[in-house]
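S.K.: Let's see this in three dimensions:
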Amino acid sequence: MAVFYALLICCGVFYLIVLILLLCTKKKKKKELDESGVADGGSHLVGHSKILVMFGQLLSSMPEVLFAVPWPAEFISFVSIIGSIANMDVLAAFSIGGCSLAIPALEKFTVHMAVPPLLLISVCLAYISSLSILETRYYCCVKKSDTDGAKKAKKKNIARHRRQTSIKVAMFVIQLIYPGLATRIFSIFRCRDIKISSTESVPFFNSDYNVPCHVSSHAEFEILAVIFMGLYVAGTPAFVLYILLHNKKHLHDLFTINDTAIAPVVDGVFLKQRKNRHKRHKRTAADFDHQEELSENETVVSRHRSAPHAQLNTSASSNTTTESQLTETDKDRHRDIIEYDTQHRKIKYQFGALYSQYERDYYYFELVILLLKMTMTGAMCIVQPGTVLQILYAFFVLSIYMLVILKSAPFKGKM
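M.R.: Prediction:
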């Protein structure tokens, strides 16, 4: 029971950290977001950080996966520390603390499978607590001169931002704990034949030789492992794929999309707000007019350009649209672009860690990363365990991954 108490204490500490983060995080003003230009640099930083975290996750799983290799005790202690950080593995932290917190292998499985819901519940409780504090102390975030409507609007914006931050923290936690879960689940199926006589051998659980395989309690845990394999190992990539496909239209900024979803008819004020953030896509109203003139000589014209705007760039004799109609069209398109940009900001803030560090055509590459982690930290546990072939298969998988990276170059910038 001591380990469950320690686990609850860890969840309580995590709850306090998330709560402080929600209370301290403030949403930047739109103008600051437009002119800061931190989007690309932030994605590069996230990309570099995720590569380092993935390296730590794969490195920390090596003693568990390749158990037949005579790893030095110092190396095992070192990667245990790395794994407790990179995988948010509280069980590894318990083992570092001393034997008083060590628990049997099958009980470790039970505790480890309870970690994801406990952490997600901690995030939800922190979010609810932040809203409760907002109800009683939101006046500190508004000015005395604000009207009641302005106060309610600011309160609503703060609540929305905290919800988005909670989702972002939850996605971050899922990405960290996924490799450790895969290792723990697949290790349940790893058994080793032990000779009990000259002619007879019995399979025993590799992590605990006191537990015979496929019978009694181990058979029950194998059933649980299959269930959690579908829930965690397969469910996490499926959930990430759903998020990316469901929000595919709003993943990237409007001015970085070649197949323009909305015709780029924007007034001077909006262009002025966007010019610093999109320096590589500098455009003015004259550029748009010139682009329309060039499009007349092309065989393919964007289906999203409306007739009034196309007629504006033709000869005066063919212009049958009044100035008032054109103004209304520009306003509608301006409103559409603002709505698109707002939705894009929300999606990128919540789920940007899943795709922002990859090129636009490789927005799904996080699934490849998850597949690699699952293979190297989980599936490799049961592929010819304890043999040289296991190491050869691991080298083969990493070689394929390296070739895919070199060929596709999915990361943005100089990774």
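S.K.: got a list of what L398 touches?
M.R.: By CB atoms under 8 Å, 6 or more residues apart in numbering, L398 lies in contact with M376. Every residue, glycine included, has its C-beta placed from N, CA and C.
S.K.: ok, which stretches of the stretch 1-150 of the chain are helices?
M.R.: 2-24, 30-36, 38-65, 73-86, 90-97, 105-137, 148-187 (DSSP state H, counting those that start in this stretch).
S.K.: Mind checking the pLDDT average for the very next helix or strand once past the last one?
M.R.: Spelled out, that is helix 148-187. Next helix or strand after helix 148-187 toward the C-terminus (DSSP states H and E): strand 191-195. Averaged across strand 191-195, pLDDT comes to 87.
S.K.: For strand 191-195, which helices and strands make contact with it?
M.R.: strand 201-205 (3 or more CB pairs under 8 Å, 6 or more residues apart in numbering; DSSP states H and E).
S.K.: Now do the strand it packs on, average pLDDT.
M.R.: 89.
S.K.: Next: stretch 235-248.
M.R.: On average, stretch 235-248 scores 94.
S.K.: Can you tell me which of the helices of the stretch 1-150 of the chain is nearest to Q390?
M.R.: helix 38-65 (8.0 Å; CB to CB).
S.K.: before we move on, back to that, where among the helices of the stretch 1-150 of the chain is average confidence lowest?
M.R.: Averaging pLDDT over each of the helices of the stretch 1-150 of the chain puts helix 30-36 lowest, since it has a mean of 40.
S.K.: got the buried residues for stretch 172-183?
M.R.: V173, I174, Q175, L176, I177, Y178, P179, G180, L181, A182, T183 (16 or more other CB atoms under 10 Å).
S.K.: What is the nearest of those residues to K412?
M.R.: The nearest member of the buried residues of stretch 172-183 to K412, counting by CB to CB, is Q175 at 18.2 Å.
S.K.: how near is the residue lying closest to that closest one once chain neighbours are set aside to E200?
M.R.: Using CB to CB, 6 or more residues apart in numbering and skipping residues adjacent in sequence, the residue nearest Q175 is A353, 7.1 Å away. As judged by CB to CB, to the nearest Å, A353 and E200 stand 53 Å apart.
S.K.: Please say which of those two ends up with more neighbours.
M.R.: A353 (19 against 7; other CB atoms under 10 Å).
S.K.: for F221, what are its contacts?
M.R.: Taking CB under 8 Å, 6+ apart, one finds L106, F109, I188 in contact with F221.
S.K.: Format those residues as a markdown table; extra columns: distance to H252 and neighbour count.
M.R.: What follows is the contacts of F221, written out as a markdown table (distance: CB to CB, whole Å; neighbours: other CB atoms under 10 Å):
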| residue | distance to H252 | neighbour count |
| --- | --- | --- |
| L106 | 46 | 17 |
| F109 | 41 | 21 |
| I188 | 41 | 25 |
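S.K.: So which of those residues is the closest to V69?
M.R.: I188 (21.0 Å).
S.K.: excluding its backbone neighbours, what's nearest the closest one?
M.R.: Nearest residue to I188, sequence neighbours excluded (CB to CB, 6+ apart): A225, at 4.1 Å.
S.K.: do I194 as well
M.R.: That would be F204: by CB to CB, 6+ apart, it lies 5.1 Å from I194.
S.K.: Quick check: bridge partners of the one you found?
M.R.: R192, P212 (DSSP bridges).
S.K.: right, and the residue nearest to I188 touches L106 too?
M.R.: No. The criterion here is CB atoms under 8 Å, and A225 misses it with L106 at 10.5 Å.
S.K.: which neighbours do these two share?
M.R.: With CB under 8 Å, 6+ apart, A225 and L106 have no common neighbours.
S.K.: what comes up buried for stretch 49-66?
M.R.: Buried positions in stretch 49-66, judged by neighbour count with 16+ other CB under 10 Å: 50, 53-54, 56-58, 60-66.
S.K.: Phi, psi for D208 please.
M.R.: phi -160, psi 100 (degrees, to the nearest 10).
S.K.: How about A409?
M.R.: phi 50, psi 60.
S.K.: I figured it was touching E359, is that so?
M.R.: Yes. Because the distance of 7.4 Å satisfies CB under 8 Å, A409 is recorded as touching E359.
S.K.: Quick check: V211 vs E220, distance?
M.R.: 11 Å.
S.K.: The two: who's more crowded?
M.R.: Between V211 and E220, counting by other CB under 10 Å, V211 is the more crowded of the two (18 against 11).
S.K.: Can you tell me, leaving aside adjacent residues, what's nearest to the more buried one?
M.R.: Per CB to CB, 6+ apart, closest to V211 is F205, 4.0 Å.
S.K.: neighbours around that neighbour, how many?
M.R.: The burial count assigned to F205 is 23, neighbours taken as other CB under 10 Å.
S.K.: again, but for S122
M.R.: Neighbours of S122 using other CB under 10 Å come to 23.
S.K.: ok, back up a step: who are the neighbours in contact with the residue nearest to V211?
M.R.: A105, L106, R190, C191, V211, P212, C213, H218.
S.K.: hang on, the earlier thing: just the pLDDT at the residue nearest to Q175, thanks.
M.R.: 87.
S.K.: Show the contacting residues for it.
M.R.: So A353 contacts V46, K50, K168, M171, F172, Q175 (CB under 8 Å, 6+ apart).
S.K.: Quick check: can you list the domain ranges of this protein?
M.R.: For the chain, automatic domain parsing gives the domain ranges 2-251+361-408, 263-341.
S.K.: any chance you could read off phi and psi for Y364?
M.R.: Torsion angles, degrees, to the nearest 10, at Y364: phi -90, psi 0.
S.K.: In contact with it, which residues?
M.R.: L241, L244, Y355.
S.K.: redo that, cut-off 7 Å
M.R.: L244 (CB atoms under 7 Å, 6 or more residues apart in numbering).
S.K.: Could you measure from it over to I194?
M.R.: In terms of CB to CB, Y364 sits 44 Å off from I194.
S.K.: For L241, grab the count of nearby residues.
M.R.: Counted with other CB under 10 Å, L241 comes out at 15.
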